[in-house]
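**Q** return a 3D structure for these sequence lines:
(one chain, ligands or ions: 1)
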Amino acid sequence: MTGIKLIGTGMYIPETVATNEDFTKIVDTSDEWITKRTGIKERHPSNGEPTWYMGVQAAKQAMEDAGVTPDEIDMVISTSVTGDYYTPSTANIMQGKLGIHKAFSIDINCACAGFVYGFDMAQRYIAMDDDVKTVLIISSENITKLVDYEDRSTCVLFGDGAGAAVVTAGPNRCYTYLECEAQDANKIYAQNARPGNAFTTQEGREKYLDLFPQGREHYMHMDGRDVYKFATRAMPEGLHKACEKAGIKVEDLALIIPHQANYRIIETAAKNLGLSMDHFYLNIDRYGNISSACIPVCLNELKRAGRLKEGDKIALVGFGAGLVYGATVFTI
Ligand code: UT7
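**A** Numbers count the residues shown, from 1 in each chain. Down below sits the predicted model:
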């Protein structure tokens with residue numbers, strides 16, 4: 001099977017800064033609580049930048065870094081859960097804005113694990129479709145538009161931004177493990193607009209209300225404690241299973257790039273794996289949780305810092321609404 005090579009990365013973070021101190025003016029919280037319980041110090045909420053705009057900025061950087069022109073991109077994958085339009089897809093919009101003419105593009109919704117799913121999908125297309133040689137993966141998130149700024153347990157966690165990567169065929173495969181514990185899909189959700197049209201009756205509205213409640217359901221809802229337990233179990237499990245497929249041990253990994261939801265989740269997962277925190281890359285203090293953009297933003301920071309070394313084995317591990325999780329192991 002053809003493998004995958006990461007050849008370019010990019011990122012975009014809004015200029016607006018929201019510190020923990022800023023949140024003390026909105027909800028009953030403190031810098032001490034947020035820092036101790038999450039590791040977050042600040043995040044960058046969008047100042048109105050659309051999701052596609054942030055994605056396009058990150059993608060341009062990634063294409064420049066990879067040294068590829070728009071004509072060399074065969075496929076665009078967008079992993080956002082916070083697109084600007086119901087239709088067309090976020091991927092279609094960004095493809096157009098980037099002037100990528102000879103490609104096709106698709107959206108995937110795998111929440112905070114989106115980049116891991118997108119990376120795996122890119123390899124599968126590259127391996128199985130002769131027309132796909134180079135793939136652009138864009139993870140752009142405007143999560144703060146789903147945030148309820150009256151709910152202190154969720155509002156302090158999230159920021160916005162985008163990360164992107166260009167991948168092409170390479171000598172080494174990525175080995176991925178993906179899973180969804182769908183019975184717990186209600187543990188994190190934000191609901192779309194209610195079904196209804198010119199013919200919807202009052203009886204219909206009442207009959208289906210339980211199936212599609214109205215109220216503050218369009219905001220992000222999260223059972224923090226249960227998701228915390230899930231995440232600390234899912235991260236080590238996903239990593240072990242991906243490493244098993246790759247025929248290596250977790251300690252053989254040069255670096256693990258985890259979804260940045262909570263410092264304590266990563267610390268507990270590290271303990272469960274028997275690894276030191278030096279194995280993990282963290283930037284949660286600066287950006288908070290940017291959903292699927294977390295992992296490609298980390299990749300960009302690491303690449304710019306010269307920390308992605310040829311031949312190193314790296315793992316990406318994500319988890320989130322679904323409840324989905326997944327890990328992929330690949331060679332730089
Ligand atoms: O990317 C999507 C995946 N999401 C996640 O992975 C998030 C997973 N969950 C978490 O990271 C944590 O559960 C939270 C950070 C959301 C919460 O931390 P926790 O240590 O699990 O706190 P808790 O929910 O058990 O609440 C402890 C206390 C409560 O007060 P009482 O009932 O003990 O009086 C909360 O009301 O902390 C209170 N609390 C706060 N206090 C100050 C909750 N949020 C805040 C806050 N400031 N912002």
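**Q** and stretch 11-19 with the ligand, contact?
**A** No. Against the ligand, stretch 11-19 shows no contacts by CB under 6 Å from any ligand atom, the least distance being 12.9 Å. Heads up, the C-betas are built off the backbone N, CA and C, glycines and all.
**Q** in that stretch, which residues are buried?
**A** Of the residues in stretch 11-19, 11-14, 18 count as buried by neighbour count, 16 or more other CB atoms under 10 Å.
**Q** which one of these is nearest Q95?
**A** For those, the residue nearest Q95 by CB to CB is Y12; the value is 16.9 Å.
**Q** tell me which residues touch A111, please.
**A** Contacts of A111 were listed using CB atoms under 8 Å, 6 or more residues apart in numbering, and they are 81, 188, 291-292, 320-322, 324.
**Q** nearest to the ligand among those residues?
**A** Proximity of the contacts of A111 to the ligand was ranked by CB to the nearest ligand atom; the top entry is G320 with 4.3 Å.
**Q** pop out the phi and psi values for that closest one.
**A** As for G320, its main-chain torsions (degrees, to the nearest 10) stand at phi 170, psi -160.
**Q** show me what from the protein comes close to the ligand.
**A** When proximity is defined by CB under 6 Å from any ligand atom, the chain lies next to the ligand at 29, 33-34, 37-38, 112, 152-153, 156, 188, 224-225, 227-228, 231, 261-262, 265, 289, 320.
**Q** please spell out the ChimeraX selection for the buried subset of those residues.
**A** Selecting in ChimeraX just the buried members of these, where the criterion is 16+ other CB under 10 Å, is done with this command:
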select :29,34,37,38,112,156,188,227,228,231,261,262,265,289,320
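**Q** among the residues of the chain next to the ligand, which lie within helices?
**A** Secondary structure from DSSP state H places 33-34, 37-38, 152-153, 224-225, 227-228, 231, 265 of the residues of the chain next to the ligand in helices.
**Q** contacts only, for whichever residue of the stretch 101-250 of the chain sits closest to the ligand.
**A** Residue nearest to the ligand within the stretch 101-250 of the chain: G224 (3.0 Å; CB to the nearest ligand atom). By CB under 8 Å, 6+ apart, the residues touching G224 are 153-154.
**Q** following the helix-or-strand element of the chain with minimal mean pLDDT, which helix or strand comes up?
**A** In the chain, the helix or strand scored least confidently by mean pLDDT, DSSP states H and E is helix 202-207, which has a mean of 88. Beyond helix 202-207 in the direction of the C-terminus, DSSP states H and E gives the next helix or strand as strand 221-222.
**Q** other SSEs contacting that following strand?
**A** helix 152-155, strand 188-189 (3 or more CB pairs under 8 Å, 6 or more residues apart in numbering; DSSP states H and E).
**Q** quick one: average confidence on that strand?
**A** Averaged across strand 221-222, pLDDT comes to 96.
**Q** who does it pair up with?
**A** strand 188-189 (antiparallel) (DSSP bridges).
**Q** export the buried residues of stretch 11-19 to JSON lines and tack on pLDDT and secondary structure?
**A** As requested, those are exported to JSON lines (pLDDT from 0 to 100; DSSP: H, G, I helix; E, B strand; the rest coil):
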{"residue": "M11", "pLDDT": "98", "secondary structure": "strand"}
{"residue": "Y12", "pLDDT": "98", "secondary structure": "strand"}
{"residue": "I13", "pLDDT": "98", "secondary structure": "coil"}
{"residue": "P14", "pLDDT": "98", "secondary structure": "coil"}
{"residue": "A18", "pLDDT": "98", "secondary structure": "strand"}
